[in-house]
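Enquirer: okay, sequence plus prediction incoming.
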Amino acid sequence: MHARSPIPDYIPNVIKGQEEQALDGQVLLNIDPVTGEQLCTVARSGNADIERAVAAARLAQSEWADMTPVSRGDLLREAALLMRDRSEEFAEIVSLETGKSRQDARGETGAAVEMGLFVAGEGRRFFGKTTTSAVPNRTSLVVRQPLGVAGLIIAANTPIANVAWKVYPALLCGNTAVMKASEDTPATAWAAAKLFHEVGVPPGVFNVVQGFGPEAGAPLVEHQDVDLISFTGSCDVGRQIQASAGARLAKVCMELGGKNPLIVCDDADLDRAVATAAMSAFSNAGQRCASGSRLIVFDGIYDRFKEQLLEHTQGLTLGSADDDDLGPVINQRQLENMIAAVERARQTGATVLTGGGRLTDDAHRNGFFMMPTLLEGATGSDEISQAELFGPIACLYRVSDFEEALELANNSPFGLTAAIHTANIDRGMTFLSRIKAGVASINGATYGSEPHMPFGGVRQSGTGWREAGAEALDVYSDWKTIYINADPTCV
């Protein structure tokens, strides 16, 4: 590793403001997805490490909650501003861990900063409500109160943004937090924890434990002193978390997968639709819960759209440089799962138009590069149409009209994001009212959330909560109804 890398040779836990090895001394390897070589070793935490982190968070919670939301917001603003000052360092860490370009990592870091600044500002609002009472001389109001200790489990696809989406609102609401970082991006969470401590967030308020899900994530979910679990990841893991945390009646917020449709109508701006579809399907190597992996195209323009999209896709370049279009997927296991899914689709009748496998030329053979892949001929009920692959893989579907397009778009276990490209305002508005999704767009991409807007999905895309926006405060706080009774005769 380069001597000036911001990633040390060993990534520890951060508990009560201190860097700690796993108590049993075990480590795991973090692999560079561009080269396939070891990037660093990482603390491989277990139950005892989780116990220490949760105990530290529990001890710190009361004093943190006693601070005003304004004071907490002021500290969080300082953290966001320091992250902005160090954006190049964070971008380098993100780039090294994920393999995405420095340019993309800068954009992600900027989004994390904006999330911090937005949430910090909510400390000066922190709205409850007041209302009337049927009882004379009685004031009725509702205020927010913290939950306690929040267990935060994040994915590796946008690591610093994922940290920001959970940590800022969790802390603003007066909770303390234990974050289980992704084993593929441990350095990002470690660097963020150090930054929060540096600006004066008290020890124990934000703790980070490293390790694998079954060894570190599961004990966090099961811990009786953890009041909330907020998880971003796959449906399979989400089901396990829901069952485990639900058994002890803990609050659970989950942002899960997507199999997001992008409809292209016969009156669409074709050049714009092609470019947007390609970005939706392939940017960030398709590793977005909001990736546009189902491209539903009207019959009248299908052939032209396919031809242009194929040409566009085959011109994409893979690598970690700023002029590359997409980088590697996060690890070898994910890559192998994607290749196997494409092969199963081929065996059941789908046609691979381009891509379909690993990039094996000299410049890429050791990294985890999945070629941008387009398929056609799959039915809406095939596995490739129903399962989230979390990679640069998209399917084309030919439909006759709007009703068929909408029916296919809604034929999914998920309901996260959706988009339509059309010049017809009536068609667009009808799509918005009937699409089963938490986020919908006209003439845009399937991704592109903003920090002041709620993000989340329906059906198997989540549990109904929204992170980002002021709505995130509902995840990390609870309501207290208050009645104040006055006696005017005592004045």
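Expert: Received it, and whenever you're ready, just let me know what you need.
Enquirer: can you pull the contacts of the spatially closest residue to Thr422 that is not a sequence neighbour?
Expert: Of all residues not flanking Thr422 in the chain, Cys265 sits nearest, at 4.0 Å (C-beta to C-beta, 6 or more residues apart in numbering). C-betas here are computed from N, CA, C, even on glycine. Neighbour list for Cys265: Phe298, Phe402, Ala405, Ile420, His421, Thr422, Ala423, Asn424, Arg427 [criterion: C-beta atoms under 8 Å, 6 or more residues apart in numbering].
Enquirer: and Cys265, how far is that from Leu408?
Expert: Computed as C-beta to C-beta, to the nearest Å, the Cys265 to Leu408 distance reads 13 Å.
Enquirer: residues contacting Thr158?
Expert: Contact analysis of Thr158 by C-beta under 8 Å, 6+ apart lists Glu108, Ala111, Asn284, Arg288.
Enquirer: that should have said Ser283, apologies.
Expert: Shown in contact with Ser283 (C-beta under 8 Å, 6+ apart): Asp325, Leu326, Tyr447.
Enquirer: same thing with Gly357?
Expert: Under the criterion of C-beta under 8 Å, 6+ apart, the neighbours of Gly357 are Ile339, Val342, Met370, Met371.
Enquirer: quick check: the gap between Ala65 and Ala394.
Expert: Taking C-beta to C-beta, one finds Ala65 at 46 Å from Ala394.
Enquirer: which one of those two is surrounded by more residues?
Expert: Between Ala65 and Ala394, Ala394 has the larger neighbour count (other C-beta atoms under 10 Å), namely 28 against 17.
Enquirer: and the nearest residue to the more buried one once chain neighbours are set aside, which of the three is it?
Expert: Nearest non-adjacent residue to Ala394, counting by C-beta to C-beta, 6+ apart: Ala281, 3.8 Å away. Put simply, Ala281 is helix when judged by DSSP: H, G, I helix; E, B strand; the rest coil.
Enquirer: ramachandran coordinates for Ile482?
Expert: Dihedral angles of Ile482 (phi, psi; degrees, to the nearest 10) stand at phi -130, psi 140.
Enquirer: that one: how many residues sit nearby?
Expert: Other residues near Ile482 come to 12 when the count uses other C-beta under 10 Å.
Enquirer: so how many other residues sit close to the closest residue to it other than its chain neighbours?
Expert: What sits nearest to Ile482 in space, not counting adjacent residues and going by C-beta to C-beta, 6+ apart, is Leu141, at 5.1 Å. Counted with other C-beta under 10 Å, the neighbours of Leu141 add up to 14.
Enquirer: and the helix or strand hosting Leu141, which residues are buried?
Expert: According to DSSP states H and E, Leu141 maps onto strand 138-146. Judged by neighbour count (16 or more other C-beta atoms under 10 Å), strand 138-146 contains these buried residues: Arg144, Pro146.
Enquirer: partners of that strand in the sheet?
Expert: Its sheet considered, strand 138-146 pairs with strand 129-131 (antiparallel), strand 477-485 (antiparallel) by DSSP bridges.
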